[in-house]
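**Student:** Pasting a predicted model and its sequence here:
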2 protein chains.
Amino acid sequence: MSTTEAKTTTRNTIQRTLVLEAVQSLYNHPTSDQVYEVVREKHPNISRATVYRNLGFLADRGDILRVEVPNGADRFDLTNSLHYHMKCKHCGQIFDVSIPYKDELSKIGQTDEGFLIDSHQIMFEGICSCCCEK
Amino acid sequence: MSTTEAKTTTRNTIQRTLVLEAVQSLYNHPTSDQVYEVVREKHPNISRATVYRNLGFLADRGDILRVEVPNGADRFDLTNSLHYHMKCKHCGQIFDVSIPYKDELSKIGQTDEGFLIDSHQIMFEGICSCCCEK
DNA sequence: ATACATGCAAACACTTTGCAGCACA
DNA sequence: TGTGCTGCAAAGTGTTTGCATGTAT
């Protein structure tokens, strides 16, 4: 074995484990900062840089999903299912939305302009139920 | 007249005019920085703050469209038509995409969660034609 | 004349990076 | 035991804000 092995040695540090667990426990697309705060309860010395690095690592590896939010901090999510988000114009919070996922939009393949599409995100905007009530 | 007038006095400064003209001339969703550079050719003393303030003002007023880009500078566009964008994973640039606009997505109204949707943006991801060729 | 707009610089929010030391495999 | 990872601090990017001054109406 292993003349052609990529040899991507990856270490399971406490920090990395805690970051993953934090995202899993905070199912509500936490920001890096929220993850940082949760991890800090168990491991007070962790640095923000480590949280950022591990969130990026876990997202690249596919363990978690990075939701890039326009004009806001990135959110991290479980990779359970593809779904869309909405941003409340009033309070700025991000919510999952039950609108059915449009697989066909990622399967467009090549556009007229010659772009190869392989994924998409939809960000709905409006007013969330909390803000509606006020 | 004018006991109930909102009295939103708005001034047409050279700076504001130049910012609008710059967005109109740079039809390719310029960033604030690109607008700044163009305006500076005619009005070298303009400050970035003024460009930001005017882009925001013009967008709020509806003269131009703000396209919020995840993990990137906001882009500004003419308000001609609603369309989607794609972000090249390779070069990071933003392009218009010819995929038909889905009016029905903004007409969803209320979701199961009780959110009132009034607009949406779709960001496709993939590889642009320039990067494909390489 | 007045108050909206400007220019400047400092502050801000979020994220990345350089580097020396640490610890997992 | 070696190198991947960490913590720290500094830097980077994009944007906003406080304040004194300027200027369009």
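**Tutor:** Yep, it's here. Numbering: from 1, shown residues only, chains lettered A, B, ... in the order given.

**Student:** Contact residues of chain A facing chain B?
**Tutor:** Listed as neighbours of chain B in chain A under the rule C-beta under 8 Å from any C-beta of the partner chain: A:68-71, A:74, A:86, A:88, A:95-99, A:105, A:108, A:111-129, A:132. No exception for glycine: its C-beta is placed from N, CA and C like everyone else's.

**Student:** quick one: which of the residues you listed sit in strands?
**Tutor:** A:86, A:88, A:95-97, A:116-127 (DSSP state E).

**Student:** Could you turn the buried ones of those into a PyMOL selection?
**Tutor:** Here is the PyMOL command that selects the buried residues among these (16 or more other C-beta atoms under 10 Å in any protein chain shown):
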select buried, chain A and resi 86+88+95+96+97+116+117+120+121+122+123+124+125+126+127
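
**Student:** and residue A:40, what element?
**Tutor:** helix A:32-42 (DSSP states H and E).

**Student:** can you give me the mean pLDDT across that helix?
**Tutor:** Rounded to a whole number, the mean pLDDT of helix A:32-42 is 95.

**Student:** mind listing what's buried in it?
**Tutor:** For helix A:32-42, using 16+ other C-beta under 10 Å, the buried residues are A:32, A:34-36, A:38-40.

**Student:** So which of the residues of chain A next to chain B reach DNA strand D?
**Tutor:** Within the set of those, contact with DNA strand D (C-beta under 7 Å from any atom of the strand) is found for residue A:71.

**Student:** Check which residues of the lowest-mean-pLDDT helix or strand in chain A are buried.
**Tutor:** Lowest by mean pLDDT, DSSP states H and E among the helices and strands of chain A is helix A:129-133, with a mean of 74. For helix A:129-133, the neighbour count (16+ other C-beta under 10 Å) marks residue A:131 as buried.

**Student:** Any chance you could list what contacts that helix?
**Tutor:** With C-beta atoms under 8 Å, 6 or more residues apart in numbering or on different chains as the test, helix A:129-133 has contacts from A:88, A:90-91, B:113-116.

**Student:** same thing with stretch A:45-53?
**Tutor:** A:15, A:18-19, A:32-33, A:35-36, A:39-40.

**Student:** Make a markdown table from those residues and add distance to DNA strand C to it.
**Tutor:** Putting the contacts of stretch A:45-53 into a markdown table (distance: C-beta to the nearest atom of the strand, whole Å) gives the following:
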| residue | distance to DNA strand C |
| --- | --- |
| A:15 | 9 |
| A:18 | 12 |
| A:19 | 13 |
| A:32 | 4 |
| A:33 | 6 |
| A:35 | 10 |
| A:36 | 9 |
| A:39 | 14 |
| A:40 | 14 |
